[in-house]
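1. Take a look and give me a structure for this.
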Amino acid sequence: MKVVECWGDDVPEGKVTSFPMAIKRKDDETVVFSWVVWPSRQSRDEGMKAVLADPRLQPDKDPMPFDGQRLIYGGFEVIVDA
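-> Purely as a prediction, here's the structure:
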């Protein structure tokens, strides 16, 4: 598994669409872009199940430091890995 987290330092507003527009970024916020490369979809499903069951990550007990409603996520199949 590989985890990459990036803090935006050159993420311009778009005219039609952009990261700031997609997340409704406020003036005092920046865009954070992260991804995880899992060895397989099966390992991703098992890993995410464990993460969601972890009591340290329950929002009612330990709230996240960001607005999770603006989180964009999905699964993708690699088509180029150069």
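2. pretty sure G47 is touching M1, no?
-> Yes: the criterion here is CB atoms under 8 Å, and G47 meets it with M1 at 7.2 Å. C-betas here are computed from N, CA, C, even on glycine.
3. what about those two, which has more around it?
-> More crowded of G47 and M1, by other CB atoms under 10 Å: G47, with 14 against 9.
4. show me the contacts for that one.
-> Applying CB atoms under 8 Å, 6 or more residues apart in numbering to G47 gives the contacts 1, 38.
5. pLDDT of the strand or helix carrying it, averaged?
-> Assigned by DSSP states H and E, G47 falls within helix 41-53. The average pLDDT within helix 41-53 is 95.
6. quick one, helices of the chain?
-> 19-23, 41-53 (DSSP state H).
7. Of these, flag the one that's most buried.
-> Mean neighbour count (mean count of other CB atoms under 10 Å) peaks for helix 19-23 among these, with a mean of 15.
8. List the contacts of that one.
-> For helix 19-23, contacts defined as CB under 8 Å, 6+ apart pick out 8, 11-14, 25, 31, 33, 70, 72.
9. hmm, who's touching stretch 51-59?
-> By CB under 8 Å, 6+ apart, stretch 51-59 touches 61-62, 68.
10. So which of those residues is surrounded by the most neighbours?
-> For the contacts of stretch 51-59, the largest number of neighbours (other CB under 10 Å) sits with D62, at 11 neighbours.
11. Would you mind measuring from the nearest residue to E5 once chain neighbours are set aside to D27?
-> Counting by CB to CB, 6 or more residues apart in numbering, the nearest residue to E5 once its immediate chain neighbours are dropped is S34, at 4.3 Å. The gap separating S34 from D27 is 22 Å, by CB to CB, to the nearest Å.
12. who has more neighbours, those two?
-> Neighbour tally, S34 and D27, criterion other CB under 10 Å: the higher count belongs to S34, 11 against 4.
13. Surely that one and W7 touch.
-> No: when contacts are counted by CB under 8 Å, S34 is not listed as touching W7 (9.7 Å).
14. Check K61 and give its pLDDT.
-> At K61, pLDDT is 82.
15. Before I go, just wanted to say thanks for your time.
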